[in-house]
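*Asks:* A predicted structure for the sequence below; I have some questions about it.
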Amino acid sequence: MIINHPLLGPRDSSEFTYLGDASLIDRPDWQAENAAEAFYEYGYLRDNPAGKHQELWFHEAGDRSWLVVTRDTTTHEISKVELARDLARARGRSK
Amino acid sequence: MHDLVAITALGGSEPQVDTVGGVTCREVPAVALASVASRMGQEASASKALAKLIGAPTPDVGQHAGETITAFWAGPDQWMIEAPFETHEDLADQVKSAMGDTASVTEQTDGWTRFDLNGDQIPAVLELLCMLDLRKFDAGCVARCSIHHVGCFVLCRSPESCSVYGPRSSAGSLHHAIVAAMRSAL
Amino acid sequence: MTQNNRLSGGQIDRNTTVNFRFDNRSYTAHPGDTLASALLANDVRLVGRSFKYHRPRGLLTAGSEEPNGIVELRTGNRQEPNTRATTIEMFEGLEAQSQNRWPSLKFDALGVNDLFSNFLSAGFYYKTFMWPAAFWEKVYEPIIRRAAGLGSLSMEADPDEYDKGFRHCDLLIIGAGPSGLMAALTAGRAGADVILADEDFQFGGRLNSETLSVGDQSASDWAAQAVAELSTMPNVRLMARTTVIGAFDHGIYGAVERTGDHLPTLPAGKPRQILWRIYTKKALLCAGATERPIAFENNDRPGIMMASALRTYANRFAVTASQRVAIFTNNDDGHRTAADLHAKGVHICAVIDVREDAPVNYDYEVLSGAQVVNTKGRLGLTFVEVALPDGSTRTLECGALGVSGGWNPNVHLTCHQRGRPVWNEDLAAFVPGSNLPVGLTVAGAANGVMSTQGALQSGMDGAVEAMELSGKLPDLPEAEDAPASQKPFWYVEGCKRAWLDQQNDVTVKDVKLSYQEGFRSVEHLKRYTTLGMATDQGKTSNISALAIMAEVAGKSIPETGTTIFRPPYTPVPISTFAGRMKGQEFHPTRLTPSHYWAKERGAVFVEVGNWLRAQWFPLPGETHWRESVDREARQTRASVGVCDCTTLGKIDVQGTDAAAFLNRVYANGFAKLAVGKTRYGLMLREDGMAMDDGTAARLAEDHFVVTTTTANAVSVYRHMEFVRQCLFPDMDVQLISTTESWAQYAVAGPNSRKLLQKIVDPDFDISNDAFPFMACGNITVCGGLRARLFRISFSGELAFEIAVPSRYGDALMRRLMTEGEEFDVVPYGTEALGVMRIEKGHAAGNELNGTTTALNLGLGKMVSKKKDSIGSILSEREALVEPDVLRMVGIKPVSSEEKITAGGHLMNSAGPVDAAHDQGYVTSAAYSPILNSSIGLGFLKDGANRMGEKMRLVSPLTDLTVEVEIVSAHFVDPEGERLRA
Amino acid sequence: MRYSGFRVIKEALTGHKGWKPVWRDPEPKAHYDIIVIGGGGHGLATAHYLSKVYGQRNVAVVEKGWIGGGNVGRNTTIVRSNYMLDGNEPFYEFSMKLWEGLEQDLNYNAMMSQRGIINLFHTDGQRDAYIRRGNAMILNGADAELLDADQVRKEHPYLNFDDARFPIKGGLVQRRGGTARHDAVAWGYARSADTHGVDIIQNCEVTGLRIENGKCLGVETSKGFIGANKVGCAVAGNSGRVMGMAGMRMPIESHVLQAFVSEGLKPVLPSVITYGAGHFYVSQSDKGGLVFGGDLDGYNTYAQRGNLPVVEDVCEGGVSLMPMIGRARLLRMWGGVMDMSMDGSPIIDRTPVEGLYFNGGWCYGGFKATPASGHCFAHLLAKDEPHPTTTVYRLDRFRTGRMIDEKGVGNQPNLH
């Protein structure tokens, strides 16, 4: 597969290490009342869609960026690649 | 001055040189390295300080630039600084004082081993080693890539000259891979 | 032997004669031959035996689709089983053997299977061999296995080298026949960046096999001229002997270039084959088509071949399979073969055409509306029996029969991403469907365009479309453009033993039986009968079998299903996929800064991940490793020892938020660590399990150096980048690995400070007051070399770790040894390191096994609940905090003579010994020379409350039961007085 | 129809006219007591045990394509019970015992071949872990043997002992492990279930689950609605998709595992061999092909195909371990979609929806589990309580912290 890195352009996916669903960015609030349940769901439950999937890839043999790749799990077509850091900020994560 | 004697990454007292069919692979220990990473929110001033340090515009993504002190892009808001070892053994300190609080600086001199390839058929060698698109890999380009499972930087300095940086501990394996590719391709 | 079957013409080099051997007989051939053409030239028709019935087999085709002509090529450790004679390029001294026969090809004992074929019908083995139950394993299966397989391996290591490489292009053209060449000319002249690859050693595809003309040239001359022009274009790369084996995601193609297979011996340093990963913007499949057979009774005898193969042998290789040839066809193309052979002086016995309206010919007989109903000839064809439309039969004497049942486009690569081809009624063949791999288009015969003119046009159009070319296009030469006429005809009615898959012996009857027993899906058919599972991957058999299944089922072919193809297009040596990564080069080897010195000292090395580390340093006279290790550990605890610990991961953490960041990453607190201090840190995974441990040294307010275990250096760095970029993207923190930059040595033992004081420059006070336990700082050594010093201890002794730039590591180690002579300094390896850490009760990899929590490790109190840190919440789940969870304990034998075994299980001192009564297990064990006893660490249910308990350590696997006592994991200096000294 | 050597001879002499379809091709009834979704190995085995052992006769298996077309038809055929953890070893040993009697139970020769399996180790740490595992196997009533390097060499002299980057230090052997003819397992179960009255309905894709008031009433299919008292889902690889129809998020990701077969070769490998320093395991089939595989491609996918980097990785391991296979040719590569669970262990349990039961999360261990999985799922469906060997395969074990994590890699499915 080829991942079109937002900074570097097309790079072979073998340069990357895969983590999983980009929902792993949405780490729950540790102080929330339902934190135990929220962390369980965050840690263990997945949509696992047959279709578009937002997922985290680390450019291990490259610039060490974490990317969020939107890829179809039935065709492997990649429709979007973003820097995870940008997406994390967009989803409200900060410090 | 201290009295400890250095050895090269390949374990010799002198750098190793191999020539096959018009391409030379030379071990280059005489280089000092330091990494620079902009501090959060200081990207612009870091870039400015870096440009001043190398006497050239701060290299963009996938580029390298500079004269005596050169810099190459290593990641978002990160660069590696190269300079002659003889004169810049304390490169990290020099860079830190140039960058001030705009960037984090880390000594990288001995994190890496460098092999320079010279000759007119470098692409034939490189295409057996890494997946770079050599059609677009002109002078001034740099890319991180994997060579036989070793993470490397490759810099194109001119059509007949490039540098390969690999982790120092893997110097033997990297050197073996390069020379085997030279024997195969040339 | 002379080449009796040589004809005139051809594209072989008659000026040179080469010698080769087949089944230990010598023959001659010419450069340009394949082994197949050379065998035919020498009148060798019998080349092998089939898989199941051991029927005699001859060549069927002239290309890579060959199912029958497979041999063991070369000898010794270069023996290469199942090699298709049709693709072996002739070279001087070539040696090949037939296979799957004993004692000889002509007399094969297992040929007896053929007599029992009625009992060996498809799937018979599923229905029998079950009684008595024990017999399957002991009697039946061994017999089946002995008979299994085709060629044999030498059982020696493959001595050749293989390379892997990467190429990029705008347009990859797969196949250099008429459409591929025309596409390459079109795109090449327009300046596109093109790679043209073909599996053959000669470009031109079928143009080399035909007597047609293209423009005013012969087809092969036109091809040669096109190649000549292409080879002058800098933007076109020609790759002959290169098979594109697979279409992978996003325009990546795998291709195998056979750089050395045509050479008698490989030049030094040169690879036998290269696996290319070709990155393309667009690809154009010009793979042509494969002629398909017609099934009839005994259609598998040597001498019965594809008609187009006979034509290729005659026109390209100047060879005929026999001087007397008949043709059996359902289409016009079969007649072309007859005409070409006739023109070369071969006697055409007849052309048998199933069509009533077959074209007439005055040079030889054409039997219209006729069918071949049987053949004769035990080891090679002698007679063909033909049924004529009037009901009579006629026997023709011939040595070769060319069969043409029409053509199947080579759609294989279009299916590699599970796209399905579609049925084309006009061609009676599957053509590429609509769901092709992205970026791939198809031209020429592969796309169902069967005429030469059509192929040229289609190739040009394909290039124009793929490269979006505009402007002037090359002139298309004139070429044959006859409409192809055929009558779909799959098998001769009433035939039984009519072969479809000739290698695996799948017949028409088997397809019918498969249907009868309910195996009606195409996939069931293939799996039940083994159709298409042979080395030719069913290239000549799958479609015919499908058509027959459709007919039996009374359905149309599209209703019956399609069959798709998987990579690789043709089989590829496993070595080719491995490339250079084998033997010592399987993984890169990482050497420590003291490696060369350690080697001089005669160290024994051990693989730790990709690192080589000194395991121990034997001295003369030491005959057992334990002697060395005991000495190293004892001497270190008695005086001072030095160990290279460079392999531990080191990560530079800088930034104004560095401390806050580490506070999140580590379970314990780091915010308040003072500058100049180091702290032990425990990192959890988000699921609450211990991930790694190490230290973090604060060199400045905004600067830490974090260490990781050797094994986890890469994954911890990746994790920290995840936390930084994805979880807390606004933290001002920068990470970079410095593992390799610093040669880092542990200097441990009561005299460690004294030794270091001899090399640390006097400006730096490292006394206990100035540089207490857990202190760290930048210093200089040996007269000004920058260095780092950490007062940390893994051994439990007074200890330091000192780091200098790696290039000076060798010299520093030597200096430590000479300066340490007065203290009897000892270098120690990983084994003694392990002994001392077990004595001290430090968890390491065996304990941090990914299923243990901080609580299990006895570090539960380190997990701060006052802050947000990774893993803290999930570490609280109910089953992880139950009162009797596993706790890390020390284990020692009640009798010091006994040995603790890592991997042993702990059982109560009385009661049953079984899984239900398992109390825990031993993770690490060592002999402690200080305690004069074997000791171990392990996990025990409720272990913290069971100190002093006597238990049984059992290891039935190693036949061991030992009475042990549960003790504190801190065997040595539990109060930690030594390391603070 | 009973199969026997006698029958084969009789049919051979009478033109094979008497063979009947191995299973019927029935139209679905309006309602069944139990519907099993998925005509793969596990679904068909479930149907066999439901009908033969648990006396359930009003049962249907619905399959979207052709039976045996999922992972039972695309695996590397290995059978073993060499697990380490308490949760797994009893279950897989139960499965092993069922394998050992399978041919007689089914009257179908699935060619179970107990030629042994060896897991090689290359470091002391690996050795210690294998000793722990071997002991756990024996303590659970299974067989295990530890070989040192010399003993390994004696049994497998063709392995790389001279030039290995990671020298072989020994191996853990299970002699009763081996291989079975994977397709035949599906067919044998199908034939038996069919004989016992189970309707096997092919080309019948489940498009929805009818759930009212928290109770599952049946399945919507491409052949219409089929009612059921109980619905069991055994569609590993597609569990996310099917359970998604019930609105459930699962502790599972779908990943592709590639497998490979070489051209047929005269016998070279006496047993199943697993490399401990690279991603490579291999056995030789009765037909002579080397059947081998390695690691997952590593990314979520439902496509039954993989990519080159893993092919190369596997072959690098193979040639490193046994350099004599280098000149053998790889004939075919394919991919199967795995239900990768969050701890690498399976799930056989009720679900929050009444009448809906789940069997999945088999990772790449599903084939060897087929008999026990079918038996235990049938037990759960018939009796509404878990079989004793599967009480730990709970769906909620991640919430409570009772993971069964053999590899110790935690909640990242592609690492298991």
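*Replies:* Yes, it's here.
*Asks:* What does C:Lys496 show for phi and psi?
*Replies:* For C:Lys496, the backbone dihedrals (degrees, to the nearest 10) come out as phi -120, psi -70.
*Asks:* Give me the secondary structure label for the most centrally placed residue in chain A.
*Replies:* In chain A, the C-alpha nearest the mean C-alpha coordinate belongs to A:Leu56, at 2.6 Å (Cα atoms, centre = their mean). Per DSSP: H, G, I helix; E, B strand; the rest coil, the secondary structure class of A:Leu56 is strand.
*Asks:* just checking, it touches A:Leu67?
*Replies:* Yes. At 7.3 Å, A:Leu56 and A:Leu67 qualify as touching, with contact defined as Cβ atoms under 8 Å. All C-beta atoms are positioned from the backbone trio N, CA, C, and that covers glycine.
*Asks:* Mutual contacts of the two, please.
*Replies:* A:Ala84 (Cβ atoms under 8 Å, 6 or more residues apart in numbering or on different chains).
*Asks:* For C:Ala466, give its distance to chain D.
*Replies:* C:Ala466 is 22 Å from chain D, where distance means Cβ to the nearest Cβ, to the nearest Å.
*Asks:* number of nearby residues for that residue?
*Replies:* As a burial measure, the neighbour count of C:Ala466 was computed by other Cβ atoms under 10 Å in any protein chain shown and equals 25.
*Asks:* Repeat that for C:Glu882.
*Replies:* For C:Glu882, the number of neighbouring residues by other Cβ under 10 Å comes to 14.
*Asks:* One more: D:Gly18?
*Replies:* Other residues within reach of D:Gly18 by the criterion other Cβ under 10 Å amount to 11.
*Asks:* Please name the residues that touch residue 55.
*Replies:* This is for chain A. The contact partners of A:Glu55, taken as Cβ under 8 Å, 6+ apart, are A:Tyr18, A:Leu19, A:Gly20, A:Asp21, A:Ala22, A:Val68, A:Val69, A:Thr70, A:Arg71, D:Tyr299, D:Asn300.
*Asks:* Please refer instead to chain D.
*Replies:* D:Ala382.
*Asks:* Pull up the gap between it and D:Asn107, please.
*Replies:* 19 Å (Cβ to Cβ, to the nearest Å).
*Asks:* Partner strands of the helix or strand hosting C:Ile891 and their direction?
*Replies:* Taking DSSP states H and E as the definition, one finds C:Ile891 inside strand C:886-893. Counting by DSSP bridges, the strands paired with strand C:886-893 are strand C:933-941 (antiparallel), strand C:960-967 (antiparallel).
*Asks:* Reduced to three states, what does the most centrally placed residue in chain B come out as?
*Replies:* Relative to the mean C-alpha position of chain B, the nearest C-alpha, by Cα atoms, centre = their mean, is the one of B:Tyr165, at 4.8 Å. Classification of B:Tyr165 using three-state DSSP returns strand.
*Asks:* Which residues of chain A lie near chain B?
*Replies:* A:Leu7, A:Leu8, A:Asp12, A:Ser14, A:Glu15, A:Glu60, A:Ala61, A:Gly62, A:Asp63, A:Arg64, A:Ser65, A:Leu83 (Cβ under 8 Å from any Cβ of the partner chain).
*Asks:* Is the last one bridged to anything, and to what?
*Replies:* Bridge pairing for A:Leu83 (DSSP bridges) gives the partners A:Leu67.
*Asks:* can I assume C:His342 is in contact with C:Ile348?
*Replies:* Yes. Here C:His342 lies in contact with C:Ile348, judged by Cβ under 8 Å, at a distance of 5.0 Å.
*Asks:* Neighbour count for these two, which is higher?
*Replies:* Taking neighbours as other Cβ under 10 Å, C:His342 and C:Ile348 compare with C:Ile348 leading, 21 against 17.
*Asks:* possible to save the strands paired with strand C:886-893 as TSV with distance to C:Ala428, mean pLDDT and mean neighbour count?
*Replies:* Compiled in TSV, the strands paired with strand C:886-893 are given as follows (distance: least, Cβ to Cβ, whole Å; pLDDT from 0 to 100; neighbours: other Cβ atoms under 10 Å in any protein chain shown):
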stretch	distance to C:Ala428	mean pLDDT	mean neighbour count
strand C:933-941	69	98	23
strand C:960-967	71	98	18
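*Asks:* Among the ones you listed, which comes closest to D:Gly365?
*Replies:* Among these, strand C:933-941 comes nearest to D:Gly365, with 24.6 Å by Cβ to Cβ.
*Asks:* Determine the number of other residues adjacent to C:Arg355.
*Replies:* Residues near C:Arg355, counting by other Cβ under 10 Å: 17.
*Asks:* now do C:Ala787
*Replies:* 26.
*Asks:* same check, this time on C:Phe203
*Replies:* 25.
*Asks:* Find me the pLDDT at the nearest residue to it once chain neighbours are set aside, would you?
*Replies:* The spatial neighbour of C:Phe203 that comes closest, neighbours along the chain excluded (Cβ to Cβ, 6 or more residues apart in numbering or on different chains), is C:Ala176 at 4.0 Å. In the prediction, the pLDDT value recorded for C:Ala176 is 98.
*Asks:* picking that back up, which element follows the strand holding C:Ile891 toward the C-terminus?
*Replies:* Next along the chain after strand C:886-893, taking DSSP H and E as the criterion, comes strand C:905-908.
*Asks:* What is the helix or strand just after that following strand packed up against?
*Replies:* Taking DSSP H and E as the definition, the helix or strand that follows strand C:905-908 towards the C-terminus is strand C:920-928. Contacts of strand C:920-928 with other secondary structure elements, assessed using 3 or more Cβ pairs under 8 Å, 6 or more residues apart in numbering or on different chains; DSSP states H and E, are made with helix C:625-638, helix C:830-840, strand C:886-893, strand C:905-908, strand C:933-941, helix D:124-139.
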